[in-house]
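compute the structure for the input listed below.
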Amino acid sequence: MSGGVILLLLLIVRTSRTEASGTSQDLSGRELVTRRGDLVERMTLTGELDAGSGAAITVPSLPQWQSAIKWIAADGTEVAENEKVVELDNSSFSTDLEEKRRAEEQALQQLNQKQSETVADSSQKELELERKKTEFDKARIEADVPDSIVSRREFEDRQLRLRKAGMELIKARDVFTSAKRASAADRANLMLSLDKARREIAVANRAMDSLTLKAPRRGIFVVGEHPWEGRKILSGDSVWVGFPLARIPEMSTLQVIAALADVDDGRISSGMPVRIVLDAYPDKTYAGQITDITPVAQEPARQSLRRSFRVKVKLNQIDTQRMRPGLSAKVTVDRPARRAVVLAPRAALDLSGAQAQLVNAEGDRIKVRVGVCNAQECEILEGAGPELRLGRVHG
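Sure, this is the predicted structure:
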């Protein structure tokens, strides 16, 4: 066989082996090779913007423990100070107020009637007292006539009439005094009933006024989460005294609250820098830093099978034009796992079997031992060195 034929056969074999191994470039067009470098492990957490502080809006103290939301402003609305933001149902309070007003009218009517009766009765008893005084004065004048002028029998009769007039005067005075005291006591009791009715009306009026909740200051109105239904509070929801309805956050305290799955415990820590992308603005990236991780993982909702740690992320800069409390965000954390190690792109690795295999540029499979991986690369612990040209794994 001539040298030219042999050269042609070798060229055909090499071409066929290259085609079998597929392209030796990644999706960006770069050649697939092993390299020595730092393996960066990248984690992405999900969360949302939240404010560290703000003005809370809660159900105020009411005569009845439970109420219902009649109307609530839309979540994310910009409100002015003293603007109405929540209105609670007043149907039960308005009915109760009408009953209290009727009680006040009845108490006032009873008081006026009693006063009229007291005036009439007092006038009669006072007139009777004056008549008894007159009779007593007359009897005393007659009794003062000496027995030398009138007969002994007449003198004794006059003395008897004086004593009788005196007793009747005392009795009339006692009746008059007792009637005044009884009238005063009855009036005091009626006044107590009237004052009680008026106090209850004042309390009901304050309750009616407190059913309309106003913004304590200017800002963005953020509706609260229902405690066990995993949604925003809505009109018609039952609420009770002290129930947190909403808040107006302090925008300067905006932060990201993210969730770290319990299986990833220990993979991030406070102080690590992060990159933040708001789902509403995917083309904009913000820098931040992890400031706190709760020590215990908790269920995000009742009867949830998953547990997560609550992660606080401080924003290096607050974008007041785009950022709003409640916006969902992705937090990316880069943690260097290995330095100056041999790295291979995942596109050239077959990790489906018991032993990892690396495909070289000729299509041959090389058994390797793999360490830590991220989404793009894996650490090669044994079986391959740097600058090895690779092919792509198919199937």
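
give the contact list for the most centrally placed residue in the chain.
Nearest to the geometric centre of the chain sits Pro244, at 3.1 Å (C-alpha atoms, centre = their mean). For Pro244, the contact set (C-beta atoms under 8 Å, 6 or more residues apart in numbering) comprises Ala56, Ile57, Thr58, Gly224. In this view, the C-beta of every residue, glycine as well, is placed from N, C-alpha and C.

rerun that using 7 Å as the cut-off
Ala56, Thr58, Gly224 (C-beta atoms under 7 Å, 6 or more residues apart in numbering).

for Pro345, give its distance to Ala361.
The spacing between Pro345 and Ala361, counted by C-beta to C-beta, to the nearest Å, is 13 Å.

more neighbours: which of the two?
Pro345 (21 against 17; other C-beta atoms under 10 Å).

let's see the pLDDT reported for the residue nearest to the centre of the chain.
Pro244 carries a pLDDT value of 92.

ditto for the one 4 residues further on
At Ile248 the predicted local confidence, pLDDT, stands at 93.

ok, Leu351 next?
Listed pLDDT for Leu351 reads 90.

tell me the spacing between it and Gln298.
34 Å.

tell me how far the residue nearest to the centre of the chain lies from Gly224.
Applying C-beta to C-beta, the value for Pro244 to Gly224 is 5 Å.

thinking again about what came up before, beta partners of the residue nearest to the centre of the chain?
Pro244 forms beta bridges with Thr58, as assigned by DSSP bridges.

is it true that Val277 touches Ala287?
No. Look at Val277 against Ala287 with C-beta atoms under 7 Å: they stay out of range, at 11.1 Å.

check which helix or strand covers Leu213.
Leu213 is part of strand 212-214, with elements assigned from DSSP states H and E.

list the beta-bridge partners for the spatially closest residue to Arg322 that is not a sequence neighbour.
Sequence neighbours aside, Tyr281 is the residue nearest to Arg322 in space, at 5.5 Å (criterion: C-beta to C-beta, 6 or more residues apart in numbering). Tyr281 has the following beta-bridge partners by DSSP bridges: Leu278.

contact partners of the strand holding Leu213?
Applying C-beta under 7 Å, 6+ apart, the external contacts of strand 212-214 come out as Ile57, Asn82, Glu83, Lys84, Val85, Val86, Glu87.

which of those lies closest to Asp334?
Nearest to Asp334, judged by C-beta to C-beta, of the contacts of strand 212-214 is Ile57 at 39.4 Å.

about what we covered before: neighbour count winner among Val277 and Ala287?
The residue with more neighbours, out of Val277 and Ala287, is Val277; 16 against 12, by other C-beta under 10 Å.
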